[in-house]
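# prediction below, plus the sequence it came from.
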Amino acid sequence: YVELVAHEADAYVVLGDVVRAQNDFAGARDAYASAIEVDPADQVALSKRGHANTYLGDYEAARADFAAAAEVSATVGGKVANQQFGAYTYLYAGNVDAAMKAMGEIVDGIESLDVREEEVTFPAMNTHAQIALIAMHNNRFDEANAHLTKRAEYMEKAIGQVQEPNWALNMQANLTLAHGLLAAYKGDTNTARKHADENKAMRADQTNPRRYEGYHRLMGIIEMKDGNHAAAVEHLSMANDQNPMVKFEKAMAHEMAGKTEAAKKLYKEVAEFNFNSINTALCRNNAKKKVTT
């Protein structure tokens, strides 16, 4: 592809994607850099070089890449997504305070934009959801609850804007899961079970065969908290294991159940997962530690 269209930035982006899939992050970074040489305003190449630099541990370079990608992004959503990726670098670096500060600045920036409300609603809702997730994972429960409240406020605005009943139900069901997750992390598994049951009931009439994946994830965490490790594995095996956090949680459940080899296999898969997200940022370092100990 590169030989055929060396003048096209996309060719180098695709090359970068291929070598990145082989965990060659230095090669990926160089390929994305070639794309940027062809087109310095290529938002995709800038962002993907940021991912490569993140996994290479060059966090300052990654933040610069994501900031540049945000600068040239044509939409509020694209701008915010790249800013979020920049904030994740602090999680990979083990600096939760800096990550929370960066995410807070993002949401403040969104809320001060002079654009149509519809352009703000979804990025703000998503960012508050992510801040809540970071907070609850780090036992900052009051902050998590405050951001879930803000998430709910934006969710109601989004429901009014979209006006699609099934989508609204999904949003409400996901918020219920988030409150259940917070309760579980706090050790209040009775409240967490109520949220799980509520989520399952909300989705009962849906036909999507994956509708209970979130319920099973929450139940898996609850069972782990309650010391029922076999039950935790069973539930987490019915959750979405394309989510690296779910895979990490299933590894934890296996480890607690004494199934060391099964746990190590899953930890290794998470440690080598090279697609950036808030979930990856929250568990990848811990998975790498598990693999090396």
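Great, that's in hand.

# what about residue 94, which SS state?
Under DSSP: H, G, I helix; E, B strand; the rest coil, residue 94 falls in the coil class.

# list the residues that contact it.
Going by CB atoms under 8 Å, 6 or more residues apart in numbering, residue 94 touches residue 285. For glycine as for every other residue, the C-beta is placed from the backbone atoms N, C-alpha and C.

# and what of residue 216?
So residue 216 contacts 235-239 (CB under 8 Å, 6+ apart).

# ok, and the most crowded of those?
The most crowded member of these is residue 236, carrying 28 neighbours; neighbours defined as other CB atoms under 10 Å.

# I figured residue 206 hits residue 165, correct?
No - using CB atoms under 8 Å, residue 206 is not in contact with residue 165, being 11.2 Å away.

# hmm, back to that, export the contacts of residue 216 to CSV and append columns for distance to residue 114 and secondary structure.
What follows is the contacts of residue 216, written out as CSV (distance: CB to CB, whole Å; DSSP: H, G, I helix; E, B strand; the rest coil):
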residue, distance to residue 114, secondary structure
235, 46, helix
236, 44, helix
237, 48, coil
238, 46, coil
239, 41, coil
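
# I'd like these laid out as CSV, including pLDDT.
As requested, these are exported to CSV (pLDDT from 0 to 100):
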residue, pLDDT
235, 98
236, 98
237, 97
238, 98
239, 98
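
# just checking, residue 238 touches residue 210?
No - in this structure, residue 238 is not within contact of residue 210 by CB under 8 Å, at 9.7 Å.

# can you give me the helices in the stretch 151-293 of the chain?
165-186, 189-203, 213-225, 229-236, 244-256, 260-271, 278-292 (DSSP state H, counting those that start in this stretch).

# same question, the stretch 1-150 of the chain
Ranges of helices within the stretch 1-150 of the chain are 9-21, 25-38, 43-56, 59-72, 76-92, 96-111, 117-137, 141-162, based on DSSP H, counting those that start in this stretch.

# how far away is the residue lying closest to residue 268 once chain neighbours are set aside from residue 230?
Spatially, and ignoring its direct neighbours in sequence, residue 268 is nearest to residue 291 (5.3 Å; CB to CB, 6 or more residues apart in numbering). In this view, residue 291 and residue 230 are 24 Å apart by CB to CB, to the nearest Å.

# before we move on, what about residue 152?
Shown here: residue 152 relative to residue 230, a distance of 35 Å by CB to CB.

# next one: residue 256
Applying CB to CB, the value for residue 256 to residue 230 is 10 Å.

# the two: which has the busier surroundings?
Set residue 256 next to residue 230 and count neighbours by other CB under 10 Å: residue 256 wins out with 16 against 13.

# give me the number of residues near the closest residue to that one other than its chain neighbours?
Nearest residue to residue 256 in three dimensions, chain neighbours excluded: residue 229, at 4.4 Å (CB to CB, 6+ apart). Neighbour count for residue 229, taken as other CB under 10 Å: 19.

# residue contacts, residue 229?
By CB under 8 Å, 6+ apart, the contact set of residue 229 is 223, 253-254, 256-257.

# can we see that at 7 Å?
Counting by CB atoms under 7 Å, 6 or more residues apart in numbering, residue 229 touches 253, 256-257.

# now residue 275: how far from residue 109?
In terms of CB to CB, residue 275 sits 25 Å off from residue 109.
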